[in-house]
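Visitor: Need coordinates for the following:
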Amino acid sequence: MRGSARRRIRPVVLLGLAVLLTAGGTAAAAAPPASPAPGAKPNLLIVTIDTLRADRVGAYGGRLKTPNIDRLAARGVLFERAFAQSTTTLPSHTSLFLGLTPLHHGVHDNSNFVVGAGFLTLAEHLKKAGYATAAFISGFPLDSRFGLNRGFDLYDEALEQHGSNELSYRERKAGDVLARSLEWLTGRIGPWFAWIHIFDPHHPYEPPEPYRTQFKDRLYDGEVAYVDASLKALVDAIETRGGFGDTVVVLAADHGEGLGEHGEDTHGFLAYNTTLRVPLVVCAPGLKPGRVGQVAALVDVFPTACELLGVATPPRLDGVSLVPAAKGRKLAARSVYFEAMFPYYSRGWAPLFGFLEGPEKFIESPIPESYDLAGDFDETRNLIPPKDPAPLRARLAKVTAGLSPTDRAGQEARLDRETQERLRSLGYVSSPQPVRKAVYGPEDDVKTLLPFHLRCQEARSLFDQGRAAEAVDLLKHVISEREDFDGAYSALGMIYALQGRVGDALAVFRRGLEVLPANYMIASPFIHMLLKVGRFDEAIKVIAADGRYPFETVADSWNVLGEAYLNTGQLDNARKALGAALDLDERDYLIHRNLGDVELADFSRTRDQGAYERAVACYEKAIELNPRDPSSRNALGFSYLQGGRAKEAIPQLVKAVELVPDYDTAVYNLGLAYFQTADYAKALEILTRFRERFGGRLKPAELQAVDAQIRECRARLAVR
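Guide: Residues are numbered from 1 along each chain as shown. Next up, the predicted model:
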């Protein structure tokens, strides 16, 4: 027990769900929660709902019924004009939990950024003050690998796989994450800090029943309705305890969602109020319920929580405490910074950032925008022109204090293949090395380029619906209108490839690289297709040509180069390329597998035992990193066969065939393994199955060899 023996520490116990359900969910008359016992530290509960638009919440005048969020709002202070600092998940949460804008913490996008270890998080600050800390995460963009886990005793991120193939993504549904958090909170003795993150409203919109049916034409709204219903148990607990008389509760979103307004379907591209404005509700002991019309920001949550908890506020935070505003006082005039830098860092489009001060909002971009939010909160009338942007740009320079989101990327980091693929499945299509310009013009503005991006997405949707000809025509029109739009080449090339039109696909990629010589989004599928069709020399030429492909910092390009060298017999060059790939991403199982192939090829040439042992080690590492990769299992099994270790080969090959029953080479190798262990009955069964299912793919000489092996099995069994 900390502190004086005379201090009275009260246990904070959340009632069990069975008891909570008897409360009926009826809110008592709004009244200030009771203050905690003298000397006791209040607890802190922060709930962030990903991608929740404020205008979908009933308490904000939304058309949806959100009774549970509204009950919480009735108990606390609702900030009518709260804004995020960023329009994507990781940067926005980083601002909330560091109390800093992206200009200072350097996290500008979900892809290729990690929160720097030198920054103090709210969890670390409260842990030093004696708080138990826990976080319950439901979406991959907040995975612990991105750095926001620091300071939490428990960072619960047991996400589940949803979807399939290229649409596979990882999240945890609201009901599950809330149940898990209530388990931790039940019986918890304070002081504690808990963060609950709810991901559901994020695209893709897949509400469970009955919300999927009830909102079949408004699936986003269905997600919000489901989240609100899931919050019932938590809000019941809050109200049962008299509004958590010993707990500060903050409910917020990290950003909103475009839903087609201003030409933005989801979020991350633009910085209008559809995606910047967020709900923000604060409940605290002794704090009278009410509504505040002054501007608030997510960056203010850190200092606000500190004041309400009675904990010292760290110096040099960008946010301010909102407690004075919550108590009816006017905050000092200030400018609130915001940005939407996903297009800049992921695609090389023009940067977009700005500030708002009172009713005035300025968005800096090649096509600048200014709005009077007092009379035009929906931002339908850009006041530039005739307003001169020069004074606004001068004011923005003061807001940023000479910093720029384009050169303050202090925490930029390369992400591994797995991370990139998981973010891509959520719609964050990102190039690991976008080409950026020294000077951007109106043609590079996000507002100019976003319509082309949306047309490419429409084309993919048309193709998925079986309307391939329409998809191809649409993409051809995009290229004719905007020859330098990379997404059109990559989409059209991939559609041709899926149709089996390899020549057309290669021609599209080749033309795209002529127009955009250093573009990764075009070069990557191009060289992968060249490998697939066996044009290894051409792949090497594309990758290695000076100025043609910026592969130096992209692990996958070195990996593909190594694979091309391997297939042309240049083992030393292959080994060097794959070594460079590992230097960039040592957790990519494909690199280890390909390096194993190089070492096994070396062993086959030289019979060097060292090469053989290195091959086995590479395959074992690949399996450790991805146990469900059948090719690594097959490769390790085959290497065991080559080394006279048939008994060890069998479990690897059995697993490979379990993963992919039609994996022909794995089936054949398994038959050989059984033969080498003298299990001729099993060998006969497997080789006969191989002959029946895959014999049509074999050359005459190969078929004769299989038939000879089958005869040998029968002969051995006859002798017995």
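
Visitor: can you pull out the strands in the stretch 251-400 of the chain?
Guide: With DSSP state E, counting those that start in this stretch, the ranges of strands along the stretch 251-400 of the chain come out as 277-278, 280-283, 290-297, 336-339, 353-357, 360-364, 369-372.

Visitor: helices and strands around the second one, which ones?
Guide: Here strand 280-283 is seen to pack against helix 67-75, strand 77-83, strand 247-253, helix 301-309 when contacts are counted using 3 or more Cβ pairs under 8 Å, 6 or more residues apart in numbering; DSSP states H and E. All C-beta atoms are positioned from the backbone trio N, CA, C, and that covers glycine.

Visitor: again with the last one
Guide: The contact analysis (3+ Cβ pairs under 8 Å, 6+ apart) places strand 369-372 against strand 360-364.

Visitor: tell me the angle the strand it packs on makes with strand 77-83.
Guide: Angle, strand 360-364 to strand 77-83, by axes from the mean of the first three to the mean of the last three Cα atoms, to 10 degrees: 40 degrees.

Visitor: Make residue 1 into 19 and carry on from there
Guide: Happy to do that; since the first residue is 19 now, the last one works out to strand 378-382.

Visitor: Residue 713 versus residue 648, what's the distance?
Guide: When distances are taken as Cβ to Cβ, to the nearest Å, residue 648 and residue 713 turn out to be 21 Å apart.

Visitor: out of those two, which sits in the busier spot?
Guide: Here residue 648 and residue 713 are compared on neighbour count by other Cβ atoms under 10 Å; more neighbours surround residue 648, at 19 against 13.

Visitor: Name the residues of stretch 670-688 that come out as buried.
Guide: 670-671, 673-675, 677, 681, 683-688 (16 or more other Cβ atoms under 10 Å).

Visitor: which ones are touching the closest residue to residue 279 other than its chain neighbours?
Guide: Nearest residue to residue 279 in three dimensions, chain neighbours excluded: residue 292, at 4.9 Å (Cβ to Cβ, 6 or more residues apart in numbering). Residue 292 sits next to 71, 274-277, 279-280, 282 when contact means Cβ atoms under 8 Å, 6 or more residues apart in numbering.

Visitor: how about CSV for the strands of the stretch 269-418 of the chain, with distance to residue 706 added?
Guide: What follows is those, written out as CSV (distance: least, Cβ to Cβ, whole Å):
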stretch, distance to residue 706
strand 295-296, 64
strand 298-301, 68
strand 308-315, 70
strand 354-357, 64
strand 371-375, 67
strand 378-382, 69
strand 387-390, 71
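
Visitor: Let me know which of the ones you listed is the nearest to residue 708.
Guide: Taking Cβ to Cβ as the measure, those were each checked against residue 708, and strand 354-357 came out nearest at 57.9 Å.

Visitor: Would you map out the domains in the chain?
Guide: The record, using automatic domain parsing to delimit domains, assigns the chain the ranges 35-418, 463-565, 667-738.

Visitor: ok so, going back, which one of the helices and strands packed on strand 298-301 lies nearest to residue 377?
Guide: With Cβ to Cβ as the measure, strand 95-101 is the member of those nearest residue 377 (9.5 Å).

Visitor: Who does the closest one pair with, and is each partner parallel or antiparallel?
Guide: With DSSP bridges as the test, strand 95-101 is paired with strand 295-296 (antiparallel), strand 298-301 (antiparallel), strand 308-315 (parallel).

Visitor: Could you check the angle it makes with strand 371-375?
Guide: Using the same axes, to 10 degrees: strand 95-101 against strand 371-375 is 140 degrees.

Visitor: what about the helix or strand following strand 95-101, distance to the chain center?
Guide: Scanning the chain past strand 95-101 towards its C-terminal end, the next helix or strand to appear is helix 107-116 (assignment: DSSP states H and E). Average the C-alpha atoms of helix 107-116, do the same for its chain, and the two points are 14 Å apart (Cα atoms, centre = their mean, to the nearest Å).

Visitor: end-to-end on stretch 474-488?
Guide: 12 Å (Cα to Cα, to the nearest Å).

Visitor: contacting residues around it?
Guide: Residues from elsewhere that reach stretch 474-488 (Cβ under 8 Å, 6+ apart): 283, 489-490, 492-493, 496, 503, 505-506, 509-510, 513, 516-517.

Visitor: for the stretch 19-168 of the chain, what spans make up the helices?
Guide: Counting by DSSP state H, counting those that start in this stretch, the segments of the stretch 19-168 of the chain that form helices are 35-39, 85-93, 107-116, 120-123, 140-146.

Visitor: thinking again about what came up before, so for residue 537, which of the strands paired with strand 95-101 sits nearest?
Guide: strand 295-296 (34.6 Å).

Visitor: any idea of the mean pLDDT in that closest one?
Guide: For strand 295-296, mean pLDDT rounds to 98.

Visitor: and if you look at stretch 105-122?
Guide: Mean predicted lDDT for stretch 105-122 stands at 96.

Visitor: still on that earlier bit, so which of the helices of the stretch 19-168 of the chain is nearest residue 554?
Guide: In this view, the helices of the stretch 19-168 of the chain are compared for proximity to residue 554 by Cβ to Cβ, and helix 107-116 is the closest at 38.2 Å.

Visitor: Tell me the helices and strands packed up against that closest one.
Guide: Where contact means 3+ Cβ pairs under 8 Å, 6+ apart, helix 107-116 is packed against helix 120-123, helix 140-146, helix 319-327.

Visitor: Can you lay out the ones you listed as a markdown table showing distance to residue 161 and mean neighbour count?
Guide: Written out in a markdown table, the entries for the helices and strands packed on helix 107-116 read as follows (distance: least, Cβ to Cβ, whole Å; neighbours: other Cβ atoms under 10 Å):
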| stretch | distance to residue 161 | mean neighbour count |
| --- | --- | --- |
| helix 120-123 | 18 | 24 |
| helix 140-146 | 16 | 21 |
| helix 319-327 | 21 | 23 |
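
Visitor: Same list (the ones you listed) but as CSV, adding distance to residue 698.
Guide: Below are those laid out as CSV (distance: least, Cβ to Cβ, whole Å):
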stretch, distance to residue 698
helix 120-123, 66
helix 140-146, 62
helix 319-327, 70
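
Visitor: Of all these, which one comes closest to residue 700?
Guide: Shortest separation from residue 700 across the helices and strands packed on helix 107-116 is recorded for helix 140-146, at 55.6 Å, computed as Cβ to Cβ.

Visitor: Give me the residues contacting the closest one.
Guide: With Cβ under 8 Å, 6+ apart as the contact definition, helix 140-146 has outside contacts at 62, 115-117, 151, 153, 168-171, 209, 211, 213, 319-320, 323-324, 327, 329, 332.

Visitor: Go again with 10 Å.
Guide: 59, 61-62, 64, 114-117, 138-139, 149-153, 166-171, 173, 209-211, 213, 319-321, 323-324, 327, 329-332 (Cβ atoms under 10 Å, 6 or more residues apart in numbering).

Visitor: repeat for stretch 669-676
Guide: 637-638, 641, 645-659, 664, 681-692, 704, 707.

Visitor: Please spell out the ChimeraX selection for the buried subset of these.
Guide: Provided next is the ChimeraX selection string for whichever of the contacts of stretch 669-676 are buried by 16+ other Cβ under 10 Å:
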select :637,638,641,647,648,649,650,651,652,653,654,655,656,657,658,659,664,681,683,684,685,686,687,688,689,690,691,692,704
